[in-house]
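Chemist: sequence first, predicted model second:
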Amino acid sequence: METNKELESIVQPLLAWFDANARVLPWRDSPTPYRVWVSEIMLQQTRVEAVKPFFQRFTEALPDVAALAACEEEKLLKLWEGLGYYNRVRNMQKAAQTVMEEYGGELPADYEKLLKLKGIGSYTAGAIASIAFQIPVPAVDGNVLRVISRITASEKDILKASVKKEVEDEIREIIPPERAGAFNQALMELGAVVCVPNGPAKCDACPLYGQCLARERGIVSSLPKKSAAKPRRVQERTVLIIRDGERVAIHKRPPKGLLAGLYELPNVEGHLGQEEVLKLLKKKHFSPIRIQPLEEAKHIFSHVEWHMTGYVITVEEPERETEYLFVEPRETEENYPVPAAFSAYTKYLQIKLGQEKYKEENKEL
DNA sequence: AAGACGGGGGG
DNA sequence: CCCCCAGTCTT
């Protein structure tokens, strides 16, 4: 209760600061519920700068809930290609279909109903409700947790769900009913541009300078507290560029798990030598003509990292069905979503056979 | 409560 | 190399 009284005093300075300093962002142009929704899903665990071009492209291709609900999966993933966390867009489509069926194509102006939609958790429900509908509910994300921890000099671990809930309760009590959306955005904006996560906080430019306990005590840089993350596990993989003249092999990943439903270059566990690769391909009934080793590459996900090596293998045109899809390199770029994890190797889809540098190191079979 | 789930930018 | 981001879902 004490804290709330203190916190109450941040409302007016924060709103005044936001009114004068709000960034111009594409989704702030005409903040319809749909556009707010799309932006909030894209912004989950993703920086504003990264989202901008995706938001533009996505909302032009799919301008409303009906278009999103009806979009073909491949096209949907292609629009999301490079943004990561691909379940976000699949869940958003499921939610769009629910909105079509249950709410006549209009997002409900109701926090609890929003919360029930696939892919909308407490943060996103609060963001849509407050920004699109002016409903006075909290929208607590990483920015808000950081700002509030510092203002209150809280040493609590912000990764704990209980702490997030406490902060939501605190915000709920001070949120100005007439400016709910502006207040939530102001809190996040402050976290994004002043009370920053990386590097020194810009306290000299902060509208809450005089009310920040962490600043007063000189402990800004040590907050917020977060429990240590687990180390990533390392996985070795061998990536295969399998080509038969013009076409190249790609493979659709399973519908669940890492990079679900996206297309990949064929790849196998372990770092294989040339002979092992050839043996493997023959077992899969390919007839290799030549093989060329490629450089090593690394791709880091949040919880795992791939240490990859690769080969370009030219094979004779397969006579029977394979587990792979053979497509024109150009078509891959245009129609098949391939995650960034393979970007070190996708350039080899295009190299013309017989080019000098490529030929020199070729091993003819 | 813990783990899975991408990718990129900044120090 | 590390951190962390306008988080959510599943187990």
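Modeler: Yes, it's here.

Chemist: where does the stretch 251-365 of chain A have low pLDDT?
Modeler: Within the stretch 251-365 of chain A, the set of residues satisfying pLDDT under 70 comprises A:352-365.

Chemist: oh sorry, the question was meant for the stretch 1-150 of chain A
Modeler: Residue ranges of the stretch 1-150 of chain A with pLDDT under 70: A:1-5.

Chemist: can you pull out the helices in it?
Modeler: A:2-8, A:11-21, A:26-29, A:33-42, A:48-61, A:65-70, A:73-80, A:87-103, A:111-116, A:122-133, A:142-151 (DSSP state H, counting those that start in this stretch).

Chemist: okay, the ones you listed in a markdown table with distance to DNA strand C and mean neighbour count next?
Modeler: Placement of C-beta: from N, CA and C, glycine included. Shown next, in a markdown table, are those (distance: least, C-beta to the nearest atom of the strand, whole Å; neighbours: other C-beta atoms under 10 Å):
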| stretch | distance to DNA strand C | mean neighbour count |
| --- | --- | --- |
| helix A:2-8 | 19 | 13 |
| helix A:11-21 | 10 | 15 |
| helix A:26-29 | 7 | 15 |
| helix A:33-42 | 6 | 23 |
| helix A:48-61 | 5 | 16 |
| helix A:65-70 | 16 | 18 |
| helix A:73-80 | 14 | 18 |
| helix A:87-103 | 6 | 18 |
| helix A:111-116 | 8 | 17 |
| helix A:122-133 | 3 | 24 |
| helix A:142-151 | 3 | 23 |
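
Chemist: and the ones you listed as TSV, adding distance to A:Ile241?
Modeler: As requested, these are arranged in TSV below (distance: least, C-beta to C-beta, whole Å):
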stretch	distance to A:Ile241
helix A:2-8	57
helix A:11-21	49
helix A:26-29	37
helix A:33-42	32
helix A:48-61	28
helix A:65-70	34
helix A:73-80	21
helix A:87-103	28
helix A:111-116	45
helix A:122-133	39
helix A:142-151	39
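
Chemist: for A:Arg179, find the nearest of these.
Modeler: Among the helices of the stretch 1-150 of chain A, the nearest to A:Arg179 by C-beta to C-beta is helix A:11-21 (6.0 Å).

Chemist: distance between the closest one and the chain's centre?
Modeler: Between the centre of helix A:11-21 and the centre of its chain there are 29 Å (C-alpha atoms, centre = their mean, to the nearest Å).

Chemist: what's near enough to touch A:Leu145?
Modeler: Contact analysis of A:Leu145 by C-beta atoms under 8 Å, 6 or more residues apart in numbering lists A:Ile158, A:Val163, A:Lys164, A:Val167, A:Pro224.
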